[in-house]
Structure formats: C-alpha cells, structure tokens
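Enquirer: Test case, fold it:
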Amino acid sequence: MSKPYFLLATGSFAPAYFYDNLVEQVKARGYDMKVIHLATVGVGPGQGRDTPPATMYDDAALIAKEVEALADEGREIILVAHSYGGMPATESTKGLSVQERQKAGKKGGIVRLAYKTVAVATPGHSTAEALPAPPADKPPVLAPDEKGWLHFTDIERSAATCFSDVPTKEEQMRYQMQFTLHSGVSFANPLTHAGYKDVPVSYLVCEDDLVIPADWQRKEIEMLKAETGNKVDVTSIKAGHCPTIMHLDKVVDWFMHVAAQ
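Expert: Alright, predicted model coming up:
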C-alpha cells in the first residue's frame, strides 16, 4: 500500500509558503505533501485579492477539488488543518472519505482528519463562534477594510500572540509581516457538514497557544468525542500557535505518528 498523501488547509492570513519548512521536512521523510493557498487568504504579504472576499464555503470547495483529484489517482489523503483551516477542512469532506468513495465504486479518498490547534465546531456555528472571544479590556486586533478584507489593527500585539514562543520581538514581527489579509465574511459562515464524523480524527494540542488556548482545544476534543462516539488520537506538545517555527521536528514527528495510525 502506498503512503498517504498529506494535504494541509492553512490558518487565516497564512499563505501556503508559510509552511514551506514543514513541507520540506515531511517530504524528506518520504511522504508527498501539498499546502493549499486558501481562497480567503490574500495573494501576498499585507495584500488581499482583486476579487470580493471569498467565503469559508469557497475554501471548502477548493479543498474538496484538491482531494478529489488526488483520490481519482488512487491516493489516500490525510487532510491536515491548522487554526481557521479546521472549519473549511471539516466542511469539505462530504462524499470524499475512502469508505464513501468505495461504496460509489471509486478509489482513494480521505482516511483521516488531522487537526493542529484548530477552530472547529458543530454544524450551525461559525469560525467566529468556534474561537475564544477576544479580551473585553483591549481593542480588537482585527478590522475589515472597505472591501471586507480583515487586517491587523495592532501588528505588535498580534505578533506577540501568534508567535508567543518565538524568542524575540524582532523575530515575531518578521513572521507577522508574512501574513496576508483575510476574508472577513469567512469567519461568519456556519459549518453545514460535520466531516469529523466521516473519518478518524487526530489532534495536536499546542499547550502554549495564546490564540486558541490549550483548555479551549481540549473542549474541542471533548466535543469531537461526544459528536462521533469515537476516541480522538491526541498528541500534546509545548508550543505556541504556529509550532512549525520553533518546534518543527515535533510537528513532523506528529505527522509521522498520524501516518502510522
């Protein structure tokens, strides 16, 4: 049997190249991998797109298209999601699991969902509802422009939050400045399909995450267990919200663990 193919749905504001170091190391371990540049993510640092902001459903359709193309080649896919990517990845799986495709006389398909500190919810709830509420004693860190693209109102505070385990302010800012703009409407689109019921689930808890705190991640895991009636394969590491920067080896080890399930 061939090795599974890793397909990753990025976090909000995060272009595909943000994960280049991860792709390089996963491929060095002998696995194929691709990161999807989501439709809701801008085209480059500090940029949106010329088109109106895409929805979460546009992202889900893009993910599904990528999965279907790989599945038609006979590939078994581990669909990985980071942060915001948890919602469109979950939405995208309908009819694309290995079991569903086999019943339809098709080959390939999704064999597992792998969540890396994500936003995920039950149907009827949006990304905004799936994330912890912003602190009431501080001004919002995100605001839409006139076209509906979200930008950061306090770049330094965002950098210190997203990259809390990066040791210096200068390095935090360097990574923060790689972010694009992100579609505002995508955060309001409710989930319609509980894809975690289609395939087994793995979850990487990042204990030092300040964007989606560890206790919030564990609440999600309990929700996944309750909704599916199945255990969730959980791995925990001491890392912030973007663990591939300071803890790349641990993330790659998690990928290998997930592939072996």
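Enquirer: Spatially central residue in the chain, please.
Expert: Ranked by distance to the mean C-alpha position of the chain (C-alpha atoms, centre = their mean), the top residue is residue 82 at 2.3 Å.
Enquirer: Sheet partners, orientation included, of the helix or strand that it is a member of?
Expert: Of the helices and strands defined by DSSP states H and E, residue 82 is found in strand 76-83. Paired neighbours of strand 76-83 in the sheet (DSSP bridges): strand 5-9 (parallel), strand 109-118 (parallel).
Enquirer: closest one to residue 141 among those strands?
Expert: strand 109-118 (17.8 Å; C-beta to C-beta). In this view, the C-beta of every residue, glycine as well, is placed from N, C-alpha and C.
Enquirer: Dump the C-alpha coordinates for stretch 221-237 into CSV.
Expert: In CSV, the C-alpha atoms belonging to stretch 221-237 read as follows (Å, rounded to 0.1, in the frame of the first residue of the first chain):
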residue,chain,number,x,y,z
ILE,A,221,-11.6,17.4,21.6
GLU,A,222,-14.3,16.5,24.1
MET,A,223,-16.9,17.9,21.6
LEU,A,224,-15.4,15.7,18.8
LYS,A,225,-15.6,12.6,21.1
ALA,A,226,-19.2,13.4,22.0
GLU,A,227,-20.3,14.1,18.4
THR,A,228,-18.6,11.0,16.9
GLY,A,229,-18.8,8.5,19.7
ASN,A,230,-15.2,7.7,19.0
LYS,A,231,-11.9,8.3,20.6
VAL,A,232,-9.6,11.1,19.3
ASP,A,233,-6.0,10.4,18.8
VAL,A,234,-4.4,13.2,20.8
THR,A,235,-0.8,14.4,20.9
SER,A,236,0.4,17.3,23.1
ILE,A,237,3.5,19.5,22.6
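Enquirer: What lies in contact with that stretch?
Expert: Here stretch 221-237 makes contact (C-beta atoms under 8 Å, 6 or more residues apart in numbering) with 120-122, 194, 196-197, 200-207, 214, 243, 247, 250-251, 254, 257-258, 261.
Enquirer: If anything else comes up later, I'll come back, but that's it for now.
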